[in-house]
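K.L.:
the following comprises the amino acid sequence and a computationally predicted model.
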Amino acid sequence: MTSSGKRESIPKYIKFLFGGSAGMAATLFVQPLDLVKNRMQMSGEGGASKEHKTSLHAIRSIIRNEGFTGIYSGLSAGLLRQASYTTTRLGVYSILFDVFAVEGKPPNFATKAAIGMTAGAIGSIIGTPAEVALIRMTSDGRLPVNERRGYKNVFNALYRITTEEGVLTLWRGCGPTIARAMVVNAAQLASYSQAKQFVLGTGRVGKFLPSPLKTIGKVRIQNMRVIDGKPEYRGAFDVLVRVVSKEGFFSLWKGFTPYYARLGPHTVLTFIFLEQMNKTYRRVILHDTAAGGGGI
């Protein structure tokens, strides 16, 4: 608290830092679910439609073929994605939230949803390269050894993608990725700041509809290879048509169960960590003994 009684605010760069750190901490707990989701959404390519029948079947297969540590494949990419995507989206949301606050009053829900969409879009653009690396690293273990890309870590993946396929490949599938991020963040961030007591329900809003966008954009397109100068898919619509025609309409929701199981806990854990970081900063750095979580 200042001498005038006005409560000091957390610096914006600290809000960015805490946002990314909270997302990274949550990822340590849910990375296996992300791996299972990506593997299930890749099932069906090359005619392997029965590769993973259920989430449990996928987990057993991964542990049997790749060892227990295999369920954490792509962790470095998952962490970098949070460091880039979550840092940006939560930081941008926090800044815009303050910009649109009028005389200390928070913006209305519609405005919160709009700035959530904006934050999601910007964060998605920044985070797509790590997302591409994550999709490829988590999908690699399902391939025969001689067909695997064999990225050592996320930085090796980004370097090789850039040198072997061109820098723009890092933003492959960016369109559907942005669309999904806008839907999820409009629901997630606006609902959270509107009513923290509904945080458990927040993570479930907007999950069902974006799932095909994730299959189309974040998995099939971002993981595709270019063979003899020709990409496997011509675009999102081509993926949609081919998946539906060869694997059935409901295959667009492959991986829905682990996706649902992942996003809820990740959302809750991210906001729990974020609240505690804000609370600790206010008490230790700002000497605000009445500090609550602070939120976003």
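P.N.:
Now that the structure is in, tell me what you want to look at.
K.L.:
what comes up buried for the helix or strand containing Gly127?
P.N.:
The secondary structure element spanning Gly127 is helix 109-139 (assigned by DSSP states H and E). Residues of helix 109-139 classed as buried: 111-139 (neighbour count, 16 or more other Cβ atoms under 10 Å). For glycine as for every other residue, the C-beta is placed from the backbone atoms N, C-alpha and C.
K.L.:
where does the chain have low pLDDT?
P.N.:
Counting by pLDDT under 70, the chain contains low-confidence residues at 1-7, 44-53, 194-220, 226-229, 234-237, 239-240, 243, 248-263, 290-296.
K.L.:
which stretches of it form strands?
P.N.:
Taking DSSP state E to define them, one finds strands in the chain at 226-227, 230-231.
K.L.:
about what we covered before: who does the helix holding Gly127 touch, helix- and strand-wise?
P.N.:
Using 3 or more Cβ pairs under 8 Å, 6 or more residues apart in numbering; DSSP states H and E as the contact definition, the elements that helix 109-139 packs against are helix 12-42, helix 75-81, helix 87-100, helix 154-165, helix 174-194, helix 222-223.
K.L.:
by contact count, what packs against the fifth one?
P.N.:
In this case it means helix 174-194. Other helices and strands packing on helix 174-194, by 3+ Cβ pairs under 8 Å, 6+ apart, are helix 87-100, helix 109-139, helix 199-202, helix 211-213, helix 256-284.
K.L.:
at 10 Å what do you get?
P.N.:
helix 87-100, helix 109-139, helix 199-202, helix 211-213, helix 222-223, helix 236-247, helix 256-284 (3 or more Cβ pairs under 10 Å, 6 or more residues apart in numbering; DSSP states H and E).
K.L.:
which one, of these, ends up nearest to Ala179?
P.N.:
Of all the helices and strands packed on helix 174-194, helix 211-213 sits nearest to Ala179, with 5.6 Å by Cβ to Cβ.
K.L.:
before we move on, back to that, make CSV out of the helices and strands packed on helix 109-139 and add mean neighbour count and distance to Ile59.
P.N.:
Formatted as CSV, the helices and strands packed on helix 109-139 follow (neighbours: other Cβ atoms under 10 Å; distance: least, Cβ to Cβ, whole Å):
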stretch, mean neighbour count, distance to Ile59
helix 12-42, 22, 6
helix 75-81, 24, 16
helix 87-100, 21, 29
helix 154-165, 16, 23
helix 174-194, 23, 24
helix 222-223, 24, 20
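K.L.:
same list (those helices) but as TSV, adding distance to Ser245.
P.N.:
Below are those laid out as TSV (distance: least, Cβ to Cβ, whole Å):
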stretch	distance to Ser245
helix 12-42	17
helix 75-81	31
helix 87-100	35
helix 154-165	27
helix 174-194	19
helix 222-223	19
